[in-house]
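J.: I would like the atomic coordinates for the input below:
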Amino acid sequence: MITGIALDTLSILTMRRFYSREVGKSPAIWSSDFGFAADGDKDSCRARPDIVKEAIRQHKKGSIVNLCWHAVPPTADEPVTFQPVPGAKARPDELKSVRGQLADEQYKELMTPGTPLRKKWGSRVDEIAGLSSRMTMSYL
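T.: Got it, this is the predicted structure:
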């Protein structure tokens, strides 16, 4: 049986120690998110360099590493919330959460090379790809 824990960078050690103590083994899978939220939040996008360092460290310890990216819509700037803030009035062109949905016109712009939305999205993807590249260079 393979077990794992999806943890934020703030609770990794605490939960791994708890799991190891209660079950008698360390989780085989280490998982994290590249983040989208503000500083101090468990999903802070500012923690990305630390997430990469921890992923490399976990791999060297023998863990299976799993990373995900809850991408911020290209209509908003990081940081954002995971879900829309209840009662918040956001313009349709200004998604402020990971769970937002692009309008049809925004999606068309996103799919059209050279448009501002496509360029913004491309720079976001490039940032995550750069972080992934650092892990690849570490044989992860």
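J.: burial of the nearest residue to Ile2 once chain neighbours are set aside, as a residue count?
T.: Distance criterion CB to CB, 6 or more residues apart in numbering; nearest residue to Ile2, sequence neighbours excluded, is Ala28 at 4.7 Å. Any C-beta I mention is one placed from the backbone N, CA and C, and that applies to glycine too. Using other CB atoms under 10 Å, Ala28 has 13 neighbouring residues.
J.: go ahead and confirm Ala28 touches Arg16.
T.: No: Ala28 is beyond contact range of Arg16, at 11.5 Å (criterion: CB atoms under 8 Å).
J.: what is the longest helix along the chain packed up against?
T.: In the chain, taking DSSP state H as the definition, the longest helix is helix 116-137. Of the remaining helices and strands, those touching helix 116-137 by 3 or more CB pairs under 8 Å, 6 or more residues apart in numbering; DSSP states H and E are helix 48-60, helix 104-110.
J.: can you pull the buried residues of the last one?
T.: Counting neighbours by 16 or more other CB atoms under 10 Å, one finds that the buried residues in helix 104-110 are Gln106, Glu109, Leu110.
J.: and those residues, which is closest to Lys96?
T.: Gln106 (13.8 Å; CB to CB).
J.: so how far is Val72 from that closest one?
T.: Gln106 sits 14 Å away from Val72, going by CB to CB, to the nearest Å.
J.: all good on my end, thank you.
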